[in-house]
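>>> Provided below are the primary sequence and the corresponding predicted coordinates.
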Amino acid sequence: MTATAAFTLENPVFRTYAIAASLMVLKMFAMAWLTVYRMMRVNGGYRSPEDTRKSLLNPNPSPDQTQPNDYVERIRRIHHNDLENVPAFLAAGLIYVATGPSAALASGLFYGYVASRLAHFAAYVTARSHEARATCWTIGAAIVMYMAAASLVHALLG
Amino acid sequence: MTATAAFTLENPVFRTYAIAASLMVLKMFAMAWLTVYRMMRVNGGYRSPEDTRKSLLNPNPSPDQTQPNDYVERIRRIHHNDLENVPAFLAAGLIYVATGPSAALASGLFYGYVASRLAHFAAYVTARSHEARATCWTIGAAIVMYMAAASLVHALLG
Amino acid sequence: MTATAAFTLENPVFRTYAIAASLMVLKMFAMAWLTVYRMMRVNGGYRSPEDTRKSLLNPNPSPDQTQPNDYVERIRRIHHNDLENVPAFLAAGLIYVATGPSAALASGLFYGYVASRLAHFAAYVTARSHEARATCWTIGAAIVMYMAAASLVHALLG
């Protein structure tokens, strides 16, 4: 068991984890950049008082620039949803690697999680129904909870 | 030292970490589900404009459904407190495993952290005094800071 | 490659990661304590209704104590920015260790990230221009995205 459970790229399960985890890290930062893009596009949605000062990138400041703007806030909500999800996936996925699952099952869970989060983004950014968004979220949540529960059982009984 | 510091389930310290970390991941997702439960129960506390559209799960929509509702917001605050704490624990705990602590000390820290977070939840969800909540929080924070400081010293001097 | 990619403190790259990661965990908790310090100093900026009850630490309560206070909210914004950044760094950095980078490159990235986040804090807490803050943020974001992209390429092709 030790060989398959190793945290090295020679272990196909860890390799799959590394791919999925790196994609999710990039996805999270994409949300940050998308927030920046939308703030620049609407020239608003800022959060700090100093952001309404005159500067090179803000030649015509206005106090309205710190008013909430849903075009920007929507991406912040998606980003916040990532904060509630992705760090837990990153940790639970790594620990799950240590339980030595089959490469096929692990790939299904890791890539299924990535797919569920991309679908969640697509549903949220286009303002689909709460049900569509919640379905994507639930798939990802179920995968992380399954991995955490499997790791718990394995560590307690294994 | 190498043997005891390994990230495998054969190492009792890593095993204890895996148990505590999996419990904390499940605890975080329990907050998300509790938010869902309370939103459904009060039929409100939603956050996105599209959540007030008529749908299968929302047959009688109202604009009030996106008004803040403290019954829901309380769980969001607890969840947010987890976001500030648990990812740091997950990383600091894993790194601390690599320093090769005794199984007894590590168990005390890992399970002490889990207990402090469950007590924090109990104090917060029942709206106990700020002092009660802060005491639980401080115990958990002290454990994570201790592990990070011990790892830092070990990596710098070890 | 296996030897240099190991997650043990004998591996200089992992050791550097452990130092940087522990510093970032301590930095995050410093934000929490700084929030506490500022809440106590202004006797406000609280978030929960029960925080305006009379208690040992709050002998003269007032409903105004849950009004937003920018002196406190500024630290919360900095802390929130950490939540969007640091967990991703902690995971991406660990996975990057597994790709077996040179100790020199890894040290530059890990300590560069730490320096960028301390500079971000300094720029934010003193309310410098949005551009100064954004520059520090971008350096840290670029480092994490580079590590995630390098890990992705390494895991896919390596």
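On my side now, so go ahead. Numbering: from 1, shown residues only, chains lettered A, B, ... in the order given.
>>> can you tell me the helix or strand for A:Ile139?
Using DSSP states H and E, A:Ile139 sits in helix A:130-157.
>>> how much space separates A:Phe14 from chain C?
7 Å (C-beta to the nearest C-beta, to the nearest Å). C-betas here are computed from N, CA, C, even on glycine.
>>> that residue: what's it in contact with?
Residues near A:Phe14 by C-beta atoms under 8 Å, 6 or more residues apart in numbering or on different chains: A:Ala6, A:Phe7, A:Thr8, A:Val97, C:Ala98.
>>> over to A:Met24?
A:Val86, A:Phe89, A:Leu90, A:Tyr113, A:Val114, A:Arg117.
>>> hmm, A:Val13 is touching A:Ala104, no?
No - with contacts counted by C-beta atoms under 8 Å, A:Val13 stays clear of A:Ala104, the gap being 9.8 Å.
>>> going by residue numbers, what spans are helices in chain A?
Assigned by DSSP state H, the helices in chain A fall at A:12-42, A:70-98, A:103-125, A:130-157.
>>> and B:Ser129, which of the ones you listed is closest to it?
Counting by C-beta to C-beta, B:Ser129 lies closest to helix A:70-98 out of the helices of chain A; the figure is 27.0 Å.
>>> does that closest one come close to chain C?
Yes - using C-beta under 8 Å from any C-beta of the partner chain, helix A:70-98 reaches chain C at A:His79, A:Leu83, A:Val86, A:Pro87, A:Leu90, A:Ala91, A:Leu94.
>>> how far away is the residue located most distally from the centre of chain A from chain C?
Most distant from the centre of chain A: A:Asn60, at 34.6 Å, with distances by C-alpha atoms, centre = their mean. From A:Asn60 across to chain C, the span is 14 Å (C-beta to the nearest C-beta).
>>> got it, and A:Tyr146?
Computed as C-beta to the nearest C-beta, the A:Tyr146 to chain C distance reads 19 Å.
>>> quick check, pLDDT for that residue.
Looking at A:Tyr146, its pLDDT stands at 98.
>>> I figured it hits A:Leu109, correct?
Yes - here A:Tyr146 reaches A:Leu109: they are 7.1 Å apart, a contact under C-beta under 8 Å.
>>> those two: who's more crowded?
When A:Tyr146 and A:Leu109 are compared for neighbours, A:Leu109 comes out ahead with 24 against 13, by other C-beta atoms under 10 Å in any protein chain shown.
>>> so where's chain A shaky on pLDDT?
A:1-5 (pLDDT under 70).
>>> what about 80?
Scanning chain A for pLDDT under 80 picks out A:1-5, A:158.
>>> next to chain C, which bits of it? Give me the list.
Residues of chain A lying near chain C (C-beta under 8 Å from any C-beta): A:7-10, A:14-16, A:18-19, A:21-23, A:25-26, A:28-29, A:32-33, A:36, A:46-51, A:53, A:55-58, A:79, A:83, A:86-87, A:90-91, A:94.
>>> can we see that at 7 Å?
A:7-10, A:15, A:18-19, A:21-23, A:25-26, A:28-29, A:32, A:47-51, A:53, A:55-58, A:79, A:83, A:87, A:90 (C-beta under 7 Å from any C-beta of the partner chain).
>>> when you filter those down to buried only, what's left?
Buried by 16 or more other C-beta atoms under 10 Å in any protein chain shown: A:7-9, A:15, A:18-19, A:21-23, A:25-26, A:28-29, A:32, A:47-48, A:50-51, A:58, A:79, A:83, A:87, A:90, out of the residues of chain A next to chain C.
>>> burial count for A:Tyr37?
For A:Tyr37, the number of neighbouring residues by other C-beta under 10 Å comes to 12.
>>> please apply the same query to the one 4 residues further on.
The local packing count at A:Arg41 equals 11, with neighbours defined by other C-beta under 10 Å.
>>> give me the distance between it and C:Met145.
From A:Arg41 across to C:Met145, the span is 21 Å (C-beta to C-beta, to the nearest Å).
>>> now swap in A:Pro101 and tell me
29 Å.
>>> please report how far the spatially closest residue to A:Trp33 that is not a sequence neighbour lies from A:Asp82.
Nearest non-adjacent residue to A:Trp33, counting by C-beta to C-beta, 6 or more residues apart in numbering or on different chains: C:Ala141, 7.9 Å away. Distance, C:Ala141 to A:Asp82, using C-beta to C-beta: 14 Å.
>>> and chain B, is stretch A:143-150 touching that?
Yes - residues of stretch A:143-150 are located near chain B by C-beta under 7 Å from any C-beta, namely A:Val144, A:Met145, A:Ala148, A:Ala149.
>>> give me the contacts around that stretch.
Stretch A:143-150 has contacts (C-beta atoms under 7 Å, 6 or more residues apart in numbering or on different chains) with A:88-89, A:92-93, A:96, A:99, A:109, A:112-113, A:116, B:22, B:25-26, B:29.
>>> circling back to that earlier point, near chain B too, which of the buried ones among the residues of chain A next to chain C?
Answer for these near chain B (C-beta under 7 Å from any C-beta): A:Phe7, A:Leu83, A:Pro87.
>>> let me see the contact set for the nearest residue to A:Arg53 once chain neighbours are set aside.
Among residues not flanking A:Arg53 along the chain, A:Pro61 sits closest, at 5.9 Å (C-beta to C-beta, 6+ apart). The neighbours of A:Pro61, taking C-beta under 7 Å, 6+ apart as the test, are A:Thr52, A:Arg53, A:Lys54.
>>> between those residues, which sits nearest C:Pro68?
For the contacts of A:Pro61, the nearest to C:Pro68 is A:Thr52 (16.9 Å; C-beta to C-beta).
>>> wait, that closest one sits on A:Pro63?
Yes - taking contacts as C-beta atoms under 7 Å, A:Thr52 lies within contact range of A:Pro63: 5.7 Å.
>>> between these two, which one's more packed in?
It is A:Thr52, of A:Thr52 and A:Pro63, that has more neighbours when counted by other C-beta under 10 Å, with 17 against 8.
>>> from B:Leu9, how far off is that one?
Relative to B:Leu9, and taking C-beta to C-beta, A:Thr52 is found at 54 Å.
>>> A:Leu34 too?
A:Leu34 is 39 Å from B:Leu9, by C-beta to C-beta.
>>> got it, and A:Tyr37?
44 Å.
>>> coming back round to it: relative to chain B, which of the contacts of A:Phe14 is nearest.
Proximity of those to chain B (C-beta to the nearest C-beta) peaks at A:Phe7, which lies at 5.3 Å.
>>> my read: A:Gly44 touches A:Asn69, true?
Yes - using C-beta under 7 Å, A:Gly44 makes contact with A:Asn69 at a distance of 5.1 Å.
>>> flag every residue of chain A that's near chain B.
Contact residues (C-beta under 7 Å from any C-beta) of chain A with chain B: A:2, A:5, A:7, A:70, A:77, A:83-84, A:87-88, A:91-92, A:95, A:98-99, A:127, A:129-131, A:141, A:144-145, A:148-149, A:151-152, A:154-156, A:158.
>>> what about 6 Å?
Residues of chain A found near chain B (C-beta under 6 Å from any C-beta of the partner chain) are A:2, A:5, A:7, A:83, A:87-88, A:91-92, A:95, A:98, A:127, A:129-131, A:141, A:145, A:148, A:151-152, A:155, A:158.
>>> and those, which of them are buried?
A:5, A:7, A:83, A:87-88, A:91-92, A:95, A:98, A:127, A:129-130, A:141, A:145, A:148, A:151-152, A:155.
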